[in-house]
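> After the sequence you'll find the predicted model.
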Amino acid sequence: MSDPTRFDLDERQRAMLAEMGVRVWWPSKQAEPEPEPEPANQAMPAAPAPEAAPVPAASTGVPAAAPPMAPRAQQAVPAARPAAAPVPVVATRPLVEGVAHMDWRALQETAAACQVCDLCAQRKNSVFGVGDQQANWMVVGEAPGEQEDLQGEPFVGQSGQLLDNMLKAVGLSRQAQGEGGVYIANAIKCRPPGNHNPTPQELAACAPYLARQVTLVQPKIILLMGRFAVQSVLQTTEPIGKLRGQVHTYQGVPVVVTYHPAYLLRNPADKAKAWADLLLALKTAQG
Ligand code: URA
């Protein structure tokens with residue numbers, strides 16, 4: 001059988017990989033279900049420490065809502081590993097009721113009017129999500145920056161350009177519907193002032209919105225980019241370096257973890273690892 005992770009790159013995709021700064025390599029020809037966590041052919045810098053996560057405050061209650069699984073999300077997920085040890089987080093104010101049952105419109109309107117945490121005070125726009133709402137792929141980033149806050153769309157700044165190129169390299173685009181479509185959302189919908197790291201409380205306040213987005217999209221794969229996306233969805237502070245290279249699950253959907261594009265812009269040597277993560281996500285989405 002042919003290796004499902006191996007697909008022919010056209011000129012455009014090669015150009016995109018070049019844009020990412022990635023030299024093309026392929027996983028071992030046996031296409032192991034669990035790939036090596038780190039590709040061997042890189043000139044690796046010293047082990048990066050940038051993805052070390054802070055330990056959130058202890059929980060006093062309110063777990064993130066876990067809505068019922070949608071039919072597609074209930075399909076069997078082979079080779080998925082359980083998430084690492086949970087890290088409970090808690091919102092400081094009561095969560096909005098009924099989020100777990102809202103349709104897209106109600107969900108977006110509720111998020112736009114949300115006052116569960118203090119981030120509402122300075123937002124210009126809540127940044128809900130973009131792309132095909134029935135996409136097979138869902139990308140989850142961390143939080144909007146200045147440009148995203150102004151435009152109301154995730155990943156429109158410099159790291160968004162890299163994200164778009166990464167997605168193009170595997171045939172996906174935020175503009176496409178159907179096969180090449182992707183839905184992009186953030187763990188946090190409102191810009192943290194000063195681009196501060198999202199707090200556990202802020203992550204907990206927003207988690208029900210993301211949970212409902214996942215239920216509504218019913219993706220075949222979720223790609224988590226960055227430690228705060230990981231913290232929100234997998235509820236762990238394990239570093240990206242330890243979590244990538246495996247398939248986790250969330251709401252029964254396979255989850256692959258990778259570095260945040262902003263991190264990759266600062267650490268281009270790790271783009272090859274991100275490419276390996278994209279291939280793992282591609283293979284997992286193809287079942
Ligand atoms: N970084 C993110 O994680 N999300 C955005 O929308 C922009 C930058």
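Ah, there it is. No experiment lies behind these values; they were computed from the predicted model shown.
> Now do the contacts for the residue in the stretch 1-150 of the chain positioned nearest to the ligand.
Nearest to the ligand, among the residues of the stretch 1-150 of the chain, is G141, at 2.9 Å (C-beta to the nearest ligand atom). The C-beta positions use only the backbone N, C-alpha and C, and glycine is treated the same way. With contact taken as C-beta atoms under 8 Å, 6 or more residues apart in numbering, G141 is in contact with 154-155, 163, 184-187, 225-226, 229, 260-261.
> Can you sort out which of the residues you listed also neighbour the ligand?
Contacts with the ligand within the contacts of G141, counted by C-beta under 6 Å from any ligand atom: 154-155, 186, 226.
> of all these, which two lie farthest apart?
The distance between the two most remote of the ones next to the ligand among the contacts of G141 (C-beta to C-beta) is 12.2 Å, for P154 and G226.
> Now stretch 121-135: buried residues?
123, 125-132, 135 (16 or more other C-beta atoms under 10 Å).
> if we can go back for a sec, let me know the pLDDT of the residue of the stretch 1-150 of the chain closest to the ligand.
We have a pLDDT of 98 for G141.
> Now it, what are its backbone angles?
Here the main-chain torsion angles of G141 (degrees, to the nearest 10) amount to phi -100, psi -160.
> Does it have any beta-bridge partners, and if so which?
N186 (DSSP bridges).
> Pull up the residues of the protein that are close to the ligand.
With C-beta under 6 Å from any ligand atom as the criterion, the chain comes near the ligand at residues 127, 141-145, 148, 154-155, 157, 159, 186, 226.
> Of the residues you listed, just say which sits nearest to L119.
A143 (8.4 Å).
> what about L223, which helix or strand?
strand 221-225 (DSSP states H and E).
> And the average pLDDT for the helix or strand following that strand is what?
Sequence-wise, the next helix or strand downstream of strand 221-225 (DSSP H and E) is helix 227-234. When pLDDT is averaged over helix 227-234, the result is 98.
> For the residue nearest to R244 when sequence neighbours are not counted, what are phi and psi?
Spatial nearest neighbour of R244, chain neighbours left out: V257 (4.8 Å); criterion: C-beta to C-beta, 6 or more residues apart in numbering. Torsion angles at V257 (phi, psi; degrees, to the nearest 10) stand at phi -110, psi 140.
> Can you name the residues bridging to V257?
L224.
> Relative to T92, how far out is it?
According to C-beta to C-beta, to the nearest Å, V257 stands 27 Å off from T92.
> Which one's more surrounded, the two?
Using other C-beta atoms under 10 Å as the criterion, V257 and T92 rank with V257 on top: 31 against 15.
> That one reaches I222, doesn't it?
No. The pair V257 and I222 fails to qualify as a contact (C-beta atoms under 8 Å) at a distance of 9.4 Å.
> which residues of the stretch 51-200 of the chain fall in helices?
Applying DSSP state H, counting those that start in this stretch to the stretch 51-200 of the chain gives helices spanning 104-112, 146-151, 158-169, 200-217.
> among those helices, which is the most enclosed?
Highest mean neighbour count among the helices of the stretch 51-200 of the chain (mean count of other C-beta atoms under 10 Å): helix 200-217, with a mean of 25.
> Skipping its backbone neighbours, what lies nearest T92 in space?
Q201 (4.9 Å).
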